[in-house]
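>>> Below is the sequence, then the predicted model.
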Amino acid sequence: MKNIRLFYKKTGNAKYVSHLDTVRFMSRLLRRAGLPVWYTEGFNPHLYITFALPLSLGMKSEYEIADIRLTDDNYPCECICELLNQNSTPDYCFFSAAEPEKKLTELTFARFVVSFQDEGSFYGALESFMAQKEILVEKRTKKGDIKLINAAEDIIDYEVKKDQNTQLHITLPAGNNKNVNPDLIIKKFLGKTECFYEINRVLLLDSDKKPLK
Amino acid sequence: MDNNLFEKMLSRVQKPGRYCGGEINSVIKDKSKPLIRFAFCFPDTYEIGMSHLGIKILYSIFNEREDIWCERVFAPWGDMEEEMRKANVPLFALESHDSIKDFDFIGFTLQYELSYTNILYMLDLTGVPLKSADRGDNSPIVVAGGPCTANAEPLADFIDIFFLGEGEKVDLEVIDLYKKCKTEGKTKKEFLCEAAQIEGVYVPSLYDISYNDDGTVKDIKALSGAPEKIVKRIETDMDEAHYPEKFIVPSVEIVHDRAVEEIFRGCIRGCRFCQAGYIYRPVREKSPEVINRQARSLIKTTGYDEISLSSLSTSDYTRLEELVTGMLSWCEKERVSLSLPSLRIDNFSKELLEKVSSVRKSGLTFAPEAGTQRLRDVINKNITEEEIMRSCATAFRGGYTAVKLYFMMGLPTETDEDIIGIAELSGRIVDLYYSLPERQKGKAVSVTISVANFVPKPFTPFEFEPQISREEMLRRQALLKENIKSRKITFNYHENRTSFLEGVFARGDRHLCAVIEAAYKLGCKFDGWDECFSLEKWLEAFDKCGIDPKFYTARHREYTETMPWDHMDYAVDKNFLIRENKLAHKETTTPNCREKCAGCGANRFKVGVCYEKH
C-alpha cells in the first residue's frame, strides 16, 4: 500500500460545488480513472480519501490537497495526474501527485487572494481597515453559537494591491487547531456596501509557512 | 450570457451548482456550425429532473446526431427566478448558458400532473407567449412527451406537438421534418399539419372538441387531414433500442444519484389502478447480455458505485437469476452495489435475496396495495396474504429487520373493513417476526406502511370510477391510524390536497387550460412541493374560470361517455377496459400476460410478451 497526495486546482464552476459533493466527485473520478485505490475494510467498505481542508462554497482554489492510498506499491506516480485530468472536467485540474512529505495535521496556515470588482475604489479604505488593531468579527463556533473574535490578531500577514481592481492578499490560520475564514473579514469591511468579490485560496502552508507537501 | 453577471447571480442563490452545467459527460458543441437547438426541459428542479431516465436516453440520442445540440433546462427555484427577473435574464440552457428563446425546439417531459404550472412558468421565464396560438413562425416549437400525454388535454392550448408513447424515433422524425420545412420556407401551421401525419404525433390545434350541455365531450373532430386516432409509438426491439453509454454525472447530489439500467418496458400484471401497467404495453425485454454490456459501460464512464435495474416489476424479468448472477460477477469485483427495486412479493426467492445482499443490505419494500384479499382481487393485485407472509419470513430469516409496505387508499369498492385490514395485515407481520426463532437477536422489527391516495387515471379499467372526496379520505386515514395498535408500525401518509388536483388533471379536458393559466398568474408553481402548493389559490383559479373541479373527480363516468382522450390510441382497447372494470366489480382477477392473454389489443405491435413462447 502506498500513500499518494494529490494536488489540484478547483476553479470555474467547481467553486459552486460543496465540499460533500466534491468528495463524491473525487471518488467517482478515481473510479473512472481506474486507479488501484484502496478501500476501507470496515463493515461498509468505501474508497479511502481524505482532504486537507474543506473549501467553502463559492471559493476557488489553486492549491487543494487530497490523500488517497494505492494498493499497488509500484504504481508510477508520474502518470496519475494525466490519468485524472483525462477523466476530470477542466474545473478540477491536477498538477501533482506524490508521496506525502508531511502529515495533513501539519497544515497551519492558508493564503488567500481576494479580488474586488471595485474599479480600484476600495484601495484606500481597505488599507486603513486592515491597519486597525481591532477587527471584531462574528464567528460561529463548532457548538453553533456566535462568538466575537478580534480577527486582526489572527492575521499572519497581508498586502493590499491594486491594478484595475483592489486585491487583498492575506494569510490566516488554517486547519484543525485554528481556522479563520477570510470571508468574515471581507464581510466586516464591506458592511452594507454591495460589491462582487472572489476569494481564491492560493496556498496551504505548514508551520514553517512553506507550501504543505 | 455575460459570465460576470452569471457569477453575480449565482453568488446570491442557494445550491448554485444546479445552474452551472459543465458536469462530466455533458455535451458541448460548436455553435458556429449550423445546429438544430433543442432545449430539453424538465419542469421541476435539477435534483429531480436529473434523476429521470428518459431525459438521459433522449439527450444521448439527440446529441449523437451531428446536426442537433440538445441541452438541459430545469425549473429555477424561487431565489434564482428572482435574480433572473431582476437582471432581465431569460431562461437559459445549462450547457451553453444561451437563452432558449432562440432555440428551434423547447421540449417538456410530462411526468406528473402537478408539474403543469411549471411548464407555464418556464415558458414565461423564457419570454415566449404561453399559448401555442400566440407563438408565431419565429418562436420555438414547443413539444412535449411522457406518460401524461395519455391525456394531455389540460395542456392543449400551450403545446404545439405532443409525442405519444416512446420518443426514441418519433422525436427525430419531427426534427427532420422541421429541418425540411425550414429550408422550404414553410410556416409553423404548414409544418404542424405535416407533422401530424407522422405516427405518434398529436397536434392539439388540429382537433376540434365539442361539448354536451352537461360538460362532457360530445365529439372530437380531426381537422386538416390529421388522423382520427393518434397511435402511440414503441421501440420494437429493446436490444436494438438506443441506450446511453454515458450518463451525465451531476456535480451536486440528485435524488437518484446512481447508474440506472433499464431491463424491460411494460408490465405483465395488469393491476387495475396502474396507468403505467397499461400505457407501456406490451412487455418487451432486453437480453441479459445487452444489459450487462450497457451496465458495465455506464459504470466505467460515470464512476458510480451503485447501479439500479429499472423496470415496472423487476422480479418479472424472465431471466432474472441469470442476469443477477452475471452482473454480480463483476459488480463485486468492482465494488459496485446492485439494487433491484420493484420486487414483487409472490416470486421473491431466498436465492435472489442472498445474491443481492452479498453486496449491500438495504431495506426491503413490498407493495400489497390493499389490506384485504377481496380488495386485492378488485384491483387485480394477484398476491395472497400467504405469499406476503412467506416473503416477509424469507426477508426476516435473511437478517432483515425492516420492511416497508405500500398501500393505496380510496380504491373503488373500498370499505372500512379494507382500511382496518391494512392495520391488521401490518400487525400480523410484526407478530410473524417475533414468532421466528431465526430472527436477528436483540433487534426490534420495524414495519413502515406508506399509504398513497388512489387517483383514477385514463387508460386503466378504473378510468370510469369516481375519486373519493378529501373529507372521506381524511376520515379513512384517521380510521387506519386508530386501528394501528403496535408501536413497531410507522404510518406515513400524504395530505390529500394534491391528490385531488392530480385527479382533476388526470381526467381533465381543454377547459382546464384556462384554469392552469389562471393558477399560474395567481402564483402557483412547484405544486408538487408542499412548501409551494396552495390549494386556496387553485380553488380561486377554478372559481375565476367558472369551473367546478369535482366535475372531473367525483363523477361516475358511463361506459358510453366520450372521454377527452378518446382520440389517443395507446393500443389498449376501450372494450378491454370496460371488461376489466366489470370484472373488478365482480371481484374477479385477470391472469397476467404470461399466463393468459387478456386481449387488451397491444398484440397489434406483433412484439414482446404477446409473441413470447410460454
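Okay, I see it.
>>> And chain B, split by domain according to the record?
Split into domains by automatic domain parsing, chain B comes to B:3-214, B:259-494+B:571-604.
>>> pLDDT of the longest one, averaged?
Predicted confidence along domain B:259-494+B:571-604 averages 90 (mean pLDDT).
>>> Which pLDDT value goes with residue 131?
Picked chain A for this. As predicted, A:Ala131 sits at a pLDDT of 95.
>>> actually it's chain B I care about, not the one you picked
So, for B:Lys131, pLDDT stands at 98.
>>> go on, A:Asn176?
Reported pLDDT for A:Asn176: 87.
>>> Can you convert the domains of chain B into JSON lines and add a column each for mean neighbour count and distance to chain A?
C-beta here means a position set from N, CA and C on the backbone, and glycine is covered the same way. Putting the domains of chain B into JSON lines (neighbours: other Cβ atoms under 10 Å in any protein chain shown; distance: least, Cβ to the nearest Cβ, whole Å) gives the following:
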{"stretch": "domain B:3-214", "mean neighbour count": "19", "distance to chain A": "4"}
{"stretch": "domain B:259-494+B:571-604", "mean neighbour count": "19", "distance to chain A": "3"}
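>>> and these as CSV, adding distance to A:Met59?
Compiled in CSV, those are given as follows (distance: least, Cβ to Cβ, whole Å):
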stretch, distance to A:Met59
domain B:3-214, 11
domain B:259-494+B:571-604, 25
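>>> Looking at the ones you listed, which is nearest to A:Leu6?
Evaluated with Cβ to Cβ, these place domain B:259-494+B:571-604 nearest to A:Leu6, the distance being 15.3 Å.
>>> and the end-to-end length of that closest one?
Taking Cα to Cα, to the nearest Å, the first and last residues of domain B:259-494+B:571-604 lie 33 Å apart.
>>> Likewise for stretch B:458-471?
Start-to-end, stretch B:458-471 (Cα to Cα) is 24 Å.
>>> Show the pLDDT at the residue lying farthest from the centre of chain A.
No residue in chain A has its C-alpha farther from the mean C-alpha position than A:Phe43, which lies at 31.3 Å (Cα atoms, centre = their mean). Predicted confidence (pLDDT) at A:Phe43: the value is 78.
>>> Now do the phi/psi pair for it.
The phi/psi pair for A:Phe43 (degrees, to the nearest 10) reads phi -70, psi -40.
>>> Look up how far A:Gln117 lies from it.
Distance, A:Phe43 to A:Gln117, by Cβ to Cβ, to the nearest Å: 50 Å.
>>> cool, B:Ala133 as well?
Applying Cβ to Cβ, the value for B:Ala133 to A:Gln117 is 45 Å.
>>> Please parse chain A into its domains.
Domain segmentation of chain A under automatic domain parsing yields A:2-100, A:106-205.
>>> Test my guess that B:Leu192 contacts B:Asp160.
Yes. At 6.3 Å, B:Leu192 counts as touching B:Asp160 under the criterion of Cβ atoms under 8 Å.
>>> Give me the common contacts of these two.
Counting by Cβ atoms under 8 Å, 6 or more residues apart in numbering or on different chains, the common neighbours of B:Leu192 and B:Asp160 are B:203, B:205.
>>> Just the mean pLDDT for the strand of greatest length in chain A, thanks.
In chain A, taking DSSP state E as the definition, the longest strand is strand A:60-70. Strand A:60-70 shows a mean pLDDT of 97.
>>> And the contacts of that strand?
A:1-12, A:14-15, A:26, A:30, A:35-38, A:47-53, A:55, A:100, A:104, A:198-204, A:211-212.
>>> same check, this time on stretch B:562-571
Taking Cβ under 8 Å, 6+ apart as the rule, stretch B:562-571 contacts B:149-151, B:153, B:164-165, B:202, B:207, B:209, B:216-220, B:222, B:228-232, B:278-279, B:281-282, B:458-459, B:463, B:507-510, B:557, B:574, B:600-602, B:604-605.
>>> need the contact list for the closest residue to chain B within chain A.
Proximity to chain B, evaluated over chain A using Cβ to the nearest Cβ, is greatest for A:Arg28 at 3.2 Å. Contact analysis of A:Arg28 by Cβ under 8 Å, 6+ apart lists B:24, B:249, B:302-305.
>>> any idea whether A:Leu30 is helix, strand or coil?
At A:Leu30 the chain is in helix, as set by DSSP: H, G, I helix; E, B strand; the rest coil.
>>> Which residue is the nearest non-sequential neighbour of it?
Nearest non-adjacent residue to A:Leu30, counting by Cβ to Cβ, 6 or more residues apart in numbering or on different chains: A:Val37, 5.1 Å away.
>>> which residues of chain A fall in strands?
A:2-10, A:49-51, A:60-70, A:92-98, A:109-116, A:136-140, A:146-150, A:157-162, A:166-173, A:197-205.
>>> With mean neighbour count as new columns, can these be given to me in TSV?
Shown next, in TSV, are the strands of chain A (neighbours: other Cβ atoms under 10 Å in any protein chain shown):
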stretch	mean neighbour count
strand A:2-10	20
strand A:49-51	15
strand A:60-70	20
strand A:92-98	18
strand A:109-116	22
strand A:136-140	14
strand A:146-150	11
strand A:157-162	15
strand A:166-173	21
strand A:197-205	20
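>>> packing partners for the strand or helix carrying B:Ala423?
B:Ala423 belongs to helix B:416-435 when elements are defined using DSSP states H and E. Judged by 3 or more Cβ pairs under 8 Å, 6 or more residues apart in numbering or on different chains; DSSP states H and E, the packing partners of helix B:416-435 are helix B:373-378, helix B:385-397, strand B:402-409, strand B:446-453, helix B:470-483, strand B:489-493.
>>> need those in JSON lines with distance to A:Asp157, can you?
Below are the helices and strands packed on helix B:416-435 laid out as JSON lines (distance: least, Cβ to Cβ, whole Å):
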{"stretch": "helix B:373-378", "distance to A:Asp157": "74"}
{"stretch": "helix B:385-397", "distance to A:Asp157": "62"}
{"stretch": "strand B:402-409", "distance to A:Asp157": "56"}
{"stretch": "strand B:446-453", "distance to A:Asp157": "57"}
{"stretch": "helix B:470-483", "distance to A:Asp157": "65"}
{"stretch": "strand B:489-493", "distance to A:Asp157": "57"}
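>>> With respect to B:Trp330, which of the ones you listed lies nearest?
Closest among those, using Cβ to Cβ: helix B:385-397, at 26.1 Å.
>>> could you give the angle of the closest one to strand B:446-453?
140 degrees (axes from the mean of the first three to the mean of the last three Cα atoms, to 10 degrees).
>>> export helix B:385-397 as PDB, just CAs?
Extracted in PDB, the C-alpha atoms of helix B:385-397 (Å, rounded to 0.1, in the frame of the first residue of the first chain):
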ATOM      1  CA  GLU B 385     -51.600 -13.000   2.300                       C
ATOM      2  CA  GLU B 386     -49.800 -16.300   2.400                       C
ATOM      3  CA  GLU B 387     -47.400 -15.000  -0.200                       C
ATOM      4  CA  ILE B 388     -46.900 -11.700   1.700                       C
ATOM      5  CA  MET B 389     -46.100 -13.600   4.900                       C
ATOM      6  CA  ARG B 390     -43.800 -16.000   3.200                       C
ATOM      7  CA  SER B 391     -41.800 -13.200   1.600                       C
ATOM      8  CA  CYS B 392     -41.600 -11.300   4.900                       C
ATOM      9  CA  ALA B 393     -40.400 -14.500   6.600                       C
ATOM     10  CA  THR B 394     -37.800 -15.000   4.000                       C
ATOM     11  CA  ALA B 395     -36.600 -11.500   4.500                       C
ATOM     12  CA  PHE B 396     -36.600 -11.700   8.300                       C
ATOM     13  CA  ARG B 397     -34.700 -15.000   8.200                       C
END
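>>> Nothing else from me, thank you.
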